[in-house]
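Q: Show me the folded form of this:
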Amino acid sequence: MKLKAFKAAFPYTIPVLMGYLFLGIAFGILLSSNGYHYIWAILMSVFIYAGSMQFVAVGLLTSIFDPLGTMLLTLMVNARHLFYGLSMITKFNDMGIKKFYMIFSLSDETYSLLCSTKSPKNLDKNWFYFFIALLNQSYWILGSAIGGIIGSLFTFNSKGVDFAMTALFVVIFINQWQSNTNHTPALIGVFASLLCLIIFGANNFIIPSMIAILFTLTVKNKPAKERDPQC
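A: Model prediction:
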């Protein structure tokens, strides 16, 4: 049953494989080019697995030690996961011990797949969703390892490599826009973010924009289950 769930989950994760492999390589190269052994890229991807925050962490590791600033920056960069988690409470509730890994591994791409993918009827849905999350993280770890090794073997200018994560978010947004007929949530997200960017500035707009998006969607009375029955 577990093997069947693994085989069924793999095809859905292939697009993530393509993205995570190259993004992981970019992260590994960036970290290695800043003087860190490639093993650190692997360890960060295993135990932190925070995507964009791992790119940000490279700069934090090479700057003055500031634990409070690091904590606040981490909260702002990853604030969106607070809202991801709330919408996954019901789906993860009956997963037993696997629930803890599912919570840890809830990246943007994994969240998107868990919302849009329906488990085959002849499979244990909990194992199916678990393998989606596990495969996605394994791709990120593999990419990080490859990038770290490449960065340790060759010396070159890594300026601009960190833009890879921004490019991924743009691609995800375009894909979600094209695959859904209801663009209201996306437009709310864009305009709320722009408004908060103007009011609070580039360094402080993420948390207020998340709050504004959640409040607006709640007022409009369009919870996730109504917008997408898979979530």
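Q: domain parsing for the chain?
A: 2-161, 180-231 (automatic domain parsing).
Q: deepest of those domains, which one?
A: domain 2-161 (a mean of 17; mean count of other C-beta atoms under 10 Å). Every residue, glycine included, has its C-beta placed from N, CA and C.
Q: now do the same end-to-end measure for stretch 42-56.
A: Terminal residues of stretch 42-56 lie 16 Å apart, using C-alpha to C-alpha, to the nearest Å.
Q: Low-confidence ranges, this protein, go.
A: 156-162, 164-165, 168-169, 172, 176, 221-231 (pLDDT under 70).
Q: mind listing the helices for it?
A: With helices called from DSSP state H, the chain shows them at 2-33, 38-47, 52-61, 67-77, 80-92, 98-104, 108-116, 125-153, 163-179, 184-200, 206-219, 224-227.
Q: packing partners for the fifth one?
A: Based on contacts counted as 3 or more C-beta pairs under 8 Å, 6 or more residues apart in numbering; DSSP states H and E, the elements that helix 80-92 packs against are helix 98-104, helix 108-116, helix 206-219.
Q: any chance of the ones you listed in CSV, plus distance to S138?
A: CSV is the format used below for these (distance: least, C-beta to C-beta, whole Å):
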stretch, distance to S138
helix 98-104, 12
helix 108-116, 12
helix 206-219, 28
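Q: L135 is in contact with T110, correct?
A: No - counting by C-beta atoms under 8 Å, T110 does not reach L135; the two are 9.2 Å apart.
Q: Which among the helices and strands packed on helix 80-92 is found nearest to Y20?
A: Closest approach to Y20 among the helices and strands packed on helix 80-92 (C-beta to C-beta): helix 108-116, 7.3 Å.
Q: can you give me the angle the closest one makes with helix 2-33?
A: Angle, helix 108-116 to helix 2-33, by axes from the mean of the first three to the mean of the last three C-alpha atoms, to 10 degrees: 160 degrees.
Q: that older thread, F173 is nearest to which of the domains of the chain?
A: Of all those, domain 180-231 comes closest under C-beta to C-beta, at 7.1 Å.
Q: what about that closest one, distance to the chain center?
A: The chain centre lies 17 Å from the centre of domain 180-231; the measure is C-alpha atoms, centre = their mean, to the nearest Å.
Q: For S144, see how far away N182 is.
A: 36 Å (C-beta to C-beta, to the nearest Å).
Q: I should have written G59 there, sorry.
A: Taking C-beta to C-beta, one finds G59 at 17 Å from S144.
Q: Equivalent analysis for S33, please.
A: In terms of C-beta to C-beta, S33 sits 13 Å off from S144.
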